[in-house]
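*Asks:* predicted model, plus sequence, below.
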There are 4 protein chains.
Amino acid sequence: MNTKLIDTQALEAALEDFANARNWRVHHSPKNLAMALTGEVGELVEIFQWRSEQESWQVAQLPETAEHVRQELADVALYLVRLASVLGVDLNAAIADKMVLNAQKYPPLPS
Amino acid sequence: MNTKLIDTQALEAALEDFANARNWRVHHSPKNLAMALTGEVGELVEIFQWRSEQESWQVAQLPETAEHVRQELADVALYLVRLASVLGVDLNAAIADKMVLNAQKYPPLPS
Amino acid sequence: MNTKLIDTQALEAALEDFANARNWRVHHSPKNLAMALTGEVGELVEIFQWRSEQESWQVAQLPETAEHVRQELADVALYLVRLASVLGVDLNAAIADKMVLNAQKYPPLPS
Amino acid sequence: MNTKLIDTQALEAALEDFANARNWRVHHSPKNLAMALTGEVGELVEIFQWRSEQESWQVAQLPETAEHVRQELADVALYLVRLASVLGVDLNAAIADKMVLNAQKYPPLPS
């Protein structure tokens, strides 16, 4: 059983292999990867910019945007996981810690 | 054994519970989440903007930035996974497909 | 003599005419324009992401990027000025006020 | 009479003086300024992320956001103009050229 909130281990290894096979290690400084992440988020946001909130719910179902949004989500994820990886940050631990902080900052409504 | 590149299942469930316990479902349209993702990426980028590429390698080790960068990476991850989740996109499948496309677009160097 | 730090009056009028001639007024909510601005900044950042700081100085001179960077800078400017305009914000006054704040926050070095 | 679409001359000079008086020239590489621009756009977007399109029209009038949005618009403008300036790009000419391209790409509706 996988008890992590998120498990990126296989992806981190795959991205390391991918970069090494192309001599990209030298380009993948954290600073550059943060910029690449920005660029991909920009492409993701462009899908939503002229759509209403209501329309935005359909983006992954509509034929004209379904594949596009999948690809842009993937691109953002790839650079995010790669950035955490080259920085040596355990993304799962970071997320777990942040969710504790968020729960303190935003207490749940009384049930 | 977990054979996925990335496994976000537990995190998606935790984020859904977190949002429901605060009546945030109504705010979490894909359009809004894409904007929130942008905001968090902006905060992450700010850590790197005045540092050189060489300095950027130390960001997760230096006491003055280590915790900050962990938190911003987590925030970006939280909104990214939440966005994929509300859109109904299988992030692992999207990533696997995109890595095939990337390998075609950027063939490895001859060994 | 123009004593403003920045004068966007003619551009604001041109953008208003441009939008009206295409029935774009309805799409140009501040929320949407903020997203469009994000998208254009993402495209601008992509020009710099794999270049070193030193290389980045040449971007507007090199034939392969000169026209591209001009266009992306223009796109960012167009959405920024349009956003301020539809919000009714006097960008010159906002800038003048902010520069006073910045000068207080970051005093000049002793000469 | 000022016949430019946008006039940034006085602001460019003020920003150059401001940077020189603080020895910031060395930090203001185009790559770094593009990142700083991203960070400021992120802060601007955060104002809009949980507001509806309709609510977004009021952001510059509501007491709780009016000053904030003015400051963030100013910050984005400052880095954009500074970036164009250090790159040696004539922002007015770039905008004029881009608007011609936009008019070709998106012809006006028949009147």
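*Replies:* Received the coordinates, thanks. Residues are numbered from 1 along each chain as shown, chains lettered A, B, ... in the order given.
*Asks:* so which elements touch whichever helix or strand A:R82 is part of?
*Replies:* Assessed by DSSP states H and E, A:R82 sits inside helix A:66-87. In terms of contacts (3 or more Cβ pairs under 8 Å, 6 or more residues apart in numbering or on different chains; DSSP states H and E), helix A:66-87 is packed against helix A:9-20, helix A:30-48, helix A:91-105, helix B:66-87, helix B:91-105. Quick note: C-beta positions are derived from backbone N, CA and C, even for glycine.
*Asks:* apply 10 Å and report the result again.
*Replies:* helix A:9-20, helix A:30-48, helix A:91-105, helix B:30-48, helix B:53-56, helix B:66-87, helix B:91-105 (3 or more Cβ pairs under 10 Å, 6 or more residues apart in numbering or on different chains; DSSP states H and E).
*Asks:* how about the residues of chain A near chain D?
*Replies:* A:K31, A:N32, A:A34, A:M35, A:L37, A:T38, A:G39, A:V41, A:G42, A:V45, A:S52, A:E53 (Cβ under 10 Å from any Cβ of the partner chain).
*Asks:* and the residue nearest to the first one when sequence neighbours are not counted, how far is that from A:H28?
*Replies:* Nearest residue to A:K31 in three dimensions, chain neighbours excluded: B:S56, at 3.8 Å (Cβ to Cβ, 6 or more residues apart in numbering or on different chains). According to Cβ to Cβ, to the nearest Å, B:S56 stands 11 Å off from A:H28.
*Asks:* who touches both of the two?
*Replies:* Applying Cβ atoms under 10 Å, 6 or more residues apart in numbering or on different chains, one finds that B:S56 and A:H28 are jointly contacted by A:L83, A:V86.
*Asks:* per-residue pLDDT of A:M1, please?
*Replies:* Note for A:M1: predicted pLDDT of 49.
*Asks:* hmm, I typed the wrong one, I wanted A:E40.
*Replies:* For A:E40, the predicted pLDDT is 98.
*Asks:* in chain A, which residue sits closest to chain D?
*Replies:* Nearest residue of chain A to chain D (Cβ to the nearest Cβ) works out as A:T38 at 5.1 Å.
*Asks:* was I right about that residue contacting C:E40?
*Replies:* No - the criterion here is Cβ atoms under 10 Å, and A:T38 misses it with C:E40 at 11.9 Å.
*Asks:* so for these two, which residue has more residues nearby?
*Replies:* Ranked by neighbour count (other Cβ atoms under 10 Å in any protein chain shown), A:T38 and C:E40 place A:T38 first, with 31 against 25.
*Asks:* for that one, list the residues it contacts.
*Replies:* A:76, A:79, B:38, B:41-42, B:44-45, C:38, C:41-42, C:44-46, C:48-49, D:34-35, D:37-39, D:41-42.
*Asks:* which intervals of chain A have sub-threshold pLDDT?
*Replies:* Chain A contains residues with pLDDT under 70 at A:1-2.
*Asks:* name the residue of it that lies nearest to chain C.
*Replies:* For chain A, Cβ to the nearest Cβ, closest residue to chain C: A:G42, 1.5 Å.
*Asks:* that residue - how many residues pack around it?
*Replies:* That count, for A:G42 with other Cβ under 10 Å as the rule, works out to 26.
*Asks:* and it, how far is that from C:G42?
*Replies:* Where C:G42 is concerned, A:G42 sits at a distance of 1 Å (Cβ to Cβ).
*Asks:* on that earlier part again, surely the residue nearest to A:K31 is in contact with D:K31?
*Replies:* No - the criterion here is Cβ under 10 Å, and B:S56 misses it with D:K31 at 11.5 Å.
*Asks:* so for those two, which residue has more residues nearby?
*Replies:* With neighbours defined as other Cβ under 10 Å, B:S56 and D:K31 compare such that D:K31 has more, 27 against 22.
*Asks:* ok, that one - contacts?
*Replies:* A:31-32, A:35, B:49, B:52-53, C:45, C:47-49, C:51-57, C:59, D:83.
*Asks:* list buried members of the residues you listed by neighbour count.
*Replies:* Taking 16 or more other Cβ atoms under 10 Å in any protein chain shown as the criterion, what is buried in those is A:31-32, A:35, B:49, B:52-53, C:45, C:47-49, C:51-53, C:56-57, C:59, D:83.
*Asks:* show me the contacts for the most centrally placed residue in chain A.
*Replies:* Centroid check for chain A by Cα atoms, centre = their mean gives A:A77 as the closest residue, at 3.0 Å. The contact partners of A:A77, by Cβ under 10 Å, 6+ apart, come to A:8, A:11, A:37, A:40, B:5-6, B:8, B:76-77, B:80-81, B:84, B:91-92, B:94-95, B:98.
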